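>>> I'd like to go over a predicted model; first the sequence, then the structure.
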Amino acid sequence: MVYLLSVAVFGGLAIVLSGVLIVAERFLVNYGICKLDINAGEKPLEVQGGQTLLAALYANEIFIPSACGGKGSCGHCKITVPNGGGPVLPTELSYLSRQEVRANVRLACQVKIREDIFVRIPDEMLNVKLFGAEVEYAAMLTHDIRELRMRLKEPAQISQRPGQYAQIEASSPDGPVYRAYSISSPSYESDVIELMVRLVPGGVGSTYLHNLKVGDSVSFTGPYGEFYLNEDPSVEIICVGGGCGMAPMKNIIYTLYSRWPDRSCWLFFGCRTTDDVFYLKQFQQLAQKHPNFHVVYALSDESNGDGQWEGERGFIHLAVDKKLKTGVERQAFLCGPPPMIEAVTRVLEEKGVQAGDIFYDKF
């Protein structure tokens, strides 16, 4: 009993001391104005010391992806900090590989500016902008997936590649939070963005987006993402998704056939039951216009007794294995739950697709 009491007292004192140190640093330590050097003088800034690197960048309209809003729980805000960032913190280590640590990669939300600091940011990320938009259309695709179409206001145009995503600013009791959603509208529609949002019970971002009405204003930053569509029309494109993983696939497919009407492309889409099927008729109509476009939907719930279903049954990676032949040069884009991604990746590699030609988003 005495031992437990001692441990409790020690733990309490440690917590109090930590709080005192945080308060003391906030109010008693003044780091003054620090220089923030981006890309070796490409974009020099002067910022108030004591704030996080992520906050300083956002204040200067440099929007680093951060799905958790700077709480250090998503690991998305990785940038290179060659000098001035201090030691790597324990809160960062679970999100950084050894190679990244050696290369001075840091989480911007965990780096506090205490001195002049030097960072390297990809030029593409420097072009990310803050957009204002208005909801012009909203509809339920399934019982829990909502489609939103938003007209851009300021700026009025966006340049995005198939497979990229936007970070929506959602309101919450603790202030604004940011959540990432793939852009489903094709890249040639530069004045709108569309999203597909699955309602997650208790999810701040999905609850916010499911409650928006036509005419409501929305703020978001973007575009983000490293997907690059192979420009060689002889390379076959493979798209595999499930649920909200349809969003980047729709963007890729419609963008693809606006540029290369005869290009070969496969869409594999996994659903649990017929109630989860959407966009099938639209894609079948597109396939009639483009004979090299192949559409394969599969139902994973074998107990679904719908006798009207004429498509594949079983998990989607089984359909991929069944339909694709070997010996074809391909690029693949995957979006879905991790088990699906892992199973499909194994099948594609067995078919001869190189690991560097397989791009994916896990959700």
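In hand now; what should we look at?

>>> H143 is in contact with D275, correct?
Yes. Assessed by CB atoms under 8 Å, D275 is found in contact with H143 at 6.7 Å. Just so you know, the C-beta spots here come from the backbone N, C-alpha and C atoms, and that holds for glycine as well.

>>> Do I have it right that S172 meets V204?
Yes. The criterion here is CB under 8 Å, and S172 meets it with V204 at 4.8 Å.

>>> which one of those two has more residues nearby?
Set S172 next to V204 and count neighbours by other CB atoms under 10 Å: V204 wins out with 18 against 12.

>>> How about the contacts made by that one?
A170, S172, V177, R179 (CB atoms under 8 Å, 6 or more residues apart in numbering).

>>> domain parsing for this structure?
The chain breaks down by automatic domain parsing into domains covering 31-125, 128-224, 236-362.

>>> list the buried ones in stretch 43-59?
Applying a neighbour-count criterion of 16 or more other CB atoms under 10 Å, one finds V47, G49, G50, Q51, T52, L53, L54, A55, A56, L57, Y58 buried in stretch 43-59.

>>> do stretch 278-285 as well
Applying a neighbour-count criterion of 16+ other CB under 10 Å, one finds F278, Y279, F283 buried in stretch 278-285.

>>> Output that stretch as CSV, nothing but the C-alphas.
C-alpha atoms of stretch 278-285 as CSV (Å, rounded to 0.1, in the frame of the first residue of the first chain):
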residue,chain,number,x,y,z
PHE,A,278,-22.9,2.5,-56.7
TYR,A,279,-21.7,4.0,-60.0
LEU,A,280,-22.0,0.6,-61.7
LYS,A,281,-24.4,1.7,-64.4
GLN,A,282,-22.4,4.9,-65.1
PHE,A,283,-19.2,2.9,-65.6
GLN,A,284,-21.0,0.3,-67.7
GLN,A,285,-22.1,3.1,-70.0
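
>>> Can you name the residues in contact with it?
Stretch 278-285 is contacted by residues L141, T142, I145, M246, K250, I253, L267, F269, F293, V295, Y297 when judged by CB under 8 Å, 6+ apart.

>>> rewinding a little: what is the nearest of the buried residues of stretch 43-59 to Q99?
Among the buried residues of stretch 43-59, L53 lies closest to Q99 (CB to CB), at 20.9 Å.

>>> How about the secondary structure of E100?
Assigned with DSSP: H, G, I helix; E, B strand; the rest coil, E100 falls in the helix class.

>>> before we move on, back to that, in helices only, show me the contacts of stretch 278-285.
Members of the contacts of stretch 278-285 lying in helices (criterion: DSSP state H): M246, K250, I253.

>>> Dump those to CSV, plus pLDDT, neighbour count and distance to R259.
Below are these laid out as CSV (pLDDT from 0 to 100; neighbours: other CB atoms under 10 Å; distance: CB to CB, whole Å):
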residue, pLDDT, neighbour count, distance to R259
M246, 95, 26, 20
K250, 97, 24, 15
I253, 98, 25, 11
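
>>> Longest strand in this protein, please.
Secondary structure of the chain per DSSP state E: the longest strand is strand 129-140.

>>> who are the neighbours of that strand, in terms of helices and strands?
strand 145-154, strand 217-224 (3 or more CB pairs under 8 Å, 6 or more residues apart in numbering; DSSP states H and E).

>>> What are the buried residues along it?
F131, A133, V135, A138.

>>> Could you export the residues you listed to CSV, including columns for distance to V344 and pLDDT?
Output for the buried residues of strand 129-140, formatted as CSV (distance: CB to CB, whole Å; pLDDT from 0 to 100):
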residue, distance to V344, pLDDT
F131, 33, 97
A133, 33, 98
V135, 33, 98
A138, 31, 98
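
>>> quick one: low-confidence parts of the stretch 201-350 of the chain?
302-307 (pLDDT under 70).

>>> What segments of it are helices?
Using DSSP state H, counting those that start in this stretch, the helices of the stretch 201-350 of the chain run over 204-210, 246-259, 280-289, 316-323, 338-350.

>>> so which of those helices is the most packed in?
For those, the largest average neighbour count (mean count of other CB atoms under 10 Å) is found in helix 246-259, namely a mean of 22.

>>> sorry, back to before: for N39, which of the helices and strands packed on strand 129-140 is the nearest?
With CB to CB as the measure, strand 217-224 is the member of the helices and strands packed on strand 129-140 nearest N39 (18.2 Å).

>>> Mind listing the strands the closest one pairs with, and their directions?
Here strand 217-224 is paired, per DSSP bridges, with strand 129-140 (antiparallel), strand 165-170 (antiparallel).

>>> Can you give me the neighbour number for the residue lying closest to N230 once chain neighbours are set aside?
Among residues not flanking N230 along the chain, Q331 sits closest, at 4.5 Å (CB to CB, 6 or more residues apart in numbering). By the criterion of other CB under 10 Å, Q331 has 20 neighbours.

>>> Next up, the contacts around Q331.
Contact partners of Q331, counting by CB under 8 Å, 6+ apart, are L229, N230, V235, E236, I237, I238, V353, D357, I358, F359.

>>> D275 and H143: who's more crowded?
Higher neighbour count among D275 and H143: D275, with 12 against 8, using other CB under 10 Å.

>>> so how far is A343 from the more buried one?
23 Å (CB to CB, to the nearest Å).

>>> try L229
Going from L229 to A343 by CB to CB gives 24 Å.

>>> again, but for S184
According to CB to CB, S184 and A343 sit 24 Å apart.

>>> Could you do E46 as well?
From E46 to A343 the distance is 51 Å (CB to CB).

>>> Adding distance to V214 as columns, could you present the buried residues of strand 129-140 in CSV?
Listed next are the buried residues of strand 129-140 as CSV, based on distance: CB to CB, whole Å:
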residue, distance to V214
F131, 18
A133, 12
V135, 5
A138, 6
